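Colleague: sequence unknown, structure follows:
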Ligand code: UDX
């Protein structure tokens, strides 16, 4: 029989909610705390403030063991473990802003019944040492500390949590590592135990290498365009080499989201702070910045000018299967297009209106077809599956000019050209 633990989860964002719901699914008793009363009220009424497939069902199914609160005492009452799941957004220097982490650590003062504090938030290497010192100074020297980074991807987070490629636990003592490991009993994945700093580095290195793969294939895509090769064929065959693998070789309009941009910049700054310049990662970031701008340049080359042109953006979130707009390529495209004097129309099934309105001066449409009406060009930004089922023949008839840049290589070039489109993909002849 595996022991049931009482867990306090700090932060009800993408990571905190998934962590809390999944730990409850494993049988533990979980209290998730967030400082935002509106978010907590929503969760208590059975709603989920974010869109993450399967999360709502998981929360509902485990409601006996999973509660939400703003109250600190209620969160810590009887807790054996505290999970830090708050966000660490970029600060003005590019280093991760740890203010929310520190406020959680401070709030643990006096919680002498805790057995361990675990860090899920992505933090710079060395943070664990500082947290350790803060815990010691706050009378919690007997409480263990572990870095337990999270590798779930949005859109598949619940599945990723329960079936991970690995569970990384960085702890300075065996008892804490064993406690965190045992907490995950029932999770289908190997446990890898190491020291705290290495675990902190694993998270940053993994994200940086994934981003590197994408930037690499995006550069090869550009070269394919210049040489007449087809990057889709290239990526398929390159990915069959088991040493390279087929994943994260999809060319596109650049990577975005809440992790890659922030974590790659944070890793770069972490290196700079030690006096070392991470040249490869700097190039990876720069290639990504250029990739976003190249999309607008392609339209400009095709249309001659963007001034006065109506451009439809299809898909706004940083990837399909999420409502997350953080660092989405669409935001860069929209602001570049507006700066060029274009009129921007858009469609997305999940992006929250409040996050779109500040940068799109024009209308957001209910369907892709409506967004395409009267457009001089369109960019397929996010590969929502719905975009495969658009009435593209009908859309060609109502667009002012059927110019389409498929920024995700979602559609069939020959088929689209047969419908009369001036079709441009990424790295395809
Ligand atoms: C990522 C990591 O995958 C995850 O392990 C980590 O915990 C958090 O960061 P996420 O940001 O949710 O997850 O999404 P992911 O699926 O990795 O995509 C990131 C970005 O890369 C998206 O903008 C996506 O469109 C882009 N991408 C991904 C590509 O352009 N090509 C690819 O082949 C894969």
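Modeller: Noted; the coordinates are in hand. The structure presented is a predicted model; accordingly, all values stated were derived computationally and were not measured.
Colleague: what's in contact with stretch 194-207?
Modeller: By C-beta atoms under 8 Å, 6 or more residues apart in numbering, the surrounding residues in contact with stretch 194-207 are 122-129, 132, 145-151, 168-172, 259-260, 263-264, 266-267, 270. Heads up, the C-betas are built off the backbone N, CA and C, glycines and all.
Colleague: mind listing what's buried along the lowest-mean-pLDDT helix or strand in the chain?
Modeller: For the chain, using mean pLDDT, DSSP states H and E, the weakest element among its helices and strands is helix 353-356, scoring a mean of 73. Under the neighbour-count criterion of 16 or more other C-beta atoms under 10 Å, helix 353-356 has 355-356 buried.
Colleague: let's have the chain start at 20 instead
Modeller: All right, first residue 20 from here; so that's helix 372-375.
Colleague: and for that helix, what's in contact with it?
Modeller: By C-beta under 8 Å, 6+ apart, the residues outside helix 372-375 that reach it are 335, 344, 365, 367, 383.
Colleague: and the next helix or strand past it?
Modeller: For helix 372-375, the succeeding helix or strand toward the C-terminus, using DSSP states H and E, is strand 383-384.
Colleague: what helices and strands are in contact with that next one?
Modeller: For strand 383-384, the contact count by 3 or more C-beta pairs under 8 Å, 6 or more residues apart in numbering; DSSP states H and E identifies strand 362-366 as packing neighbours.
Colleague: against which helices or strands is the strand it packs on packed?
Modeller: Taking 3+ C-beta pairs under 8 Å, 6+ apart as the contact definition, the neighbouring helices and strands of strand 362-366 are strand 329-333, helix 348-358, strand 383-384, helix 387-391.
Colleague: could you rerun that using 6 Å?
Modeller: With contacts defined as 3 or more C-beta pairs under 6 Å, 6 or more residues apart in numbering; DSSP states H and E, the packing partners of strand 362-366 are strand 329-333, helix 387-391.
Colleague: nearest to residue 255, of those?
Modeller: Distances from residue 255 to each of these were compared using C-beta to C-beta; the shortest belongs to strand 329-333, at 24.7 Å.
Colleague: any idea of the mean pLDDT for that closest one?
Modeller: Per-region confidence: strand 329-333 scores 96 on mean pLDDT.
Colleague: ok, and what's touching it?
Modeller: Counting contacts by C-beta atoms under 6 Å, 6 or more residues apart in numbering, the residues outside strand 329-333 that touch it are 349, 356, 361-366, 387, 390-391, 393-400, 406.
Colleague: go again with 7 Å.
Modeller: 318, 349, 352-353, 356, 361-366, 387, 390-391, 393-400, 406, 419 (C-beta atoms under 7 Å, 6 or more residues apart in numbering).
Colleague: can you tell me which residues in the stretch 120-269 of the chain are near the ligand?
Modeller: Counting by C-beta under 6 Å from any ligand atom, the residues of the stretch 120-269 of the chain close to the ligand are 169-173, 226, 229, 233, 267-269.
Colleague: any of those buried? List them.
Modeller: The neighbour count (16+ other C-beta under 10 Å) marks 169-171, 173, 226, 229, 233, 267-269 as buried among these.
Colleague: need the contact list for residue 279.
Modeller: Applying C-beta under 7 Å, 6+ apart as the definition, the contact partners of residue 279 turn out to be 226, 230.
Colleague: one more time with 10 Å, if that's ok
Modeller: Contacts here follow C-beta atoms under 10 Å, 6 or more residues apart in numbering; on that basis residue 279 touches 226-227, 229-230, 233-234, 273, 303-304, 307, 337, 346.
Colleague: and what of residue 37?
Modeller: Residue 37 makes contacts with 28, 69, 71, 73-74, 77-78, 104, 139, 169, 171, 173, 176-177, 179-181, as judged by C-beta under 10 Å, 6+ apart.
Colleague: and with 8 Å instead?
Modeller: Shown here is residue 37, whose contacts under the criterion C-beta under 8 Å, 6+ apart are 71, 74, 171, 176-177, 180.
Colleague: ok, and the most crowded of the residues you listed?
Modeller: Taking other C-beta atoms under 10 Å to define a neighbour, the member of the contacts of residue 37 with the most is residue 176, carrying 26 neighbours.
Colleague: doesn't residue 74 make contact with that residue?
Modeller: Yes: in terms of C-beta atoms under 8 Å, residue 176 counts as a neighbour of residue 74; the distance is 7.2 Å.
Colleague: domain parsing for this protein?
Modeller: For the chain, automatic domain parsing gives the domain ranges 25-213, 229-443.
Colleague: hmm, back to that, and the furthest pair within the residues of the stretch 120-269 of the chain next to the ligand?
Modeller: Using C-beta to C-beta, the two most remote members of these are 169 and 268, lying 23.4 Å apart.
Colleague: for residue 254, which non-adjacent residue is closest in space?
Modeller: What sits nearest to residue 254 in space, not counting adjacent residues and going by C-beta to C-beta, 6 or more residues apart in numbering, is residue 268, at 4.3 Å.
Colleague: contacting residues for that neighbour?
Modeller: 232-233, 236, 254, 257-258.
Colleague: wait, which of these is closest to the ligand?
Modeller: Checking the contacts of residue 268 against the ligand with C-beta to the nearest ligand atom, the nearest one is residue 233 at 4.4 Å.
Colleague: next secondary structure after the one helix or strand that closest one maps to?
Modeller: When elements are defined using DSSP H and E, residue 233 is found to belong to helix 215-246. Helices and strands here follow DSSP H and E; after helix 215-246, the next one along the chain is helix 250-258.
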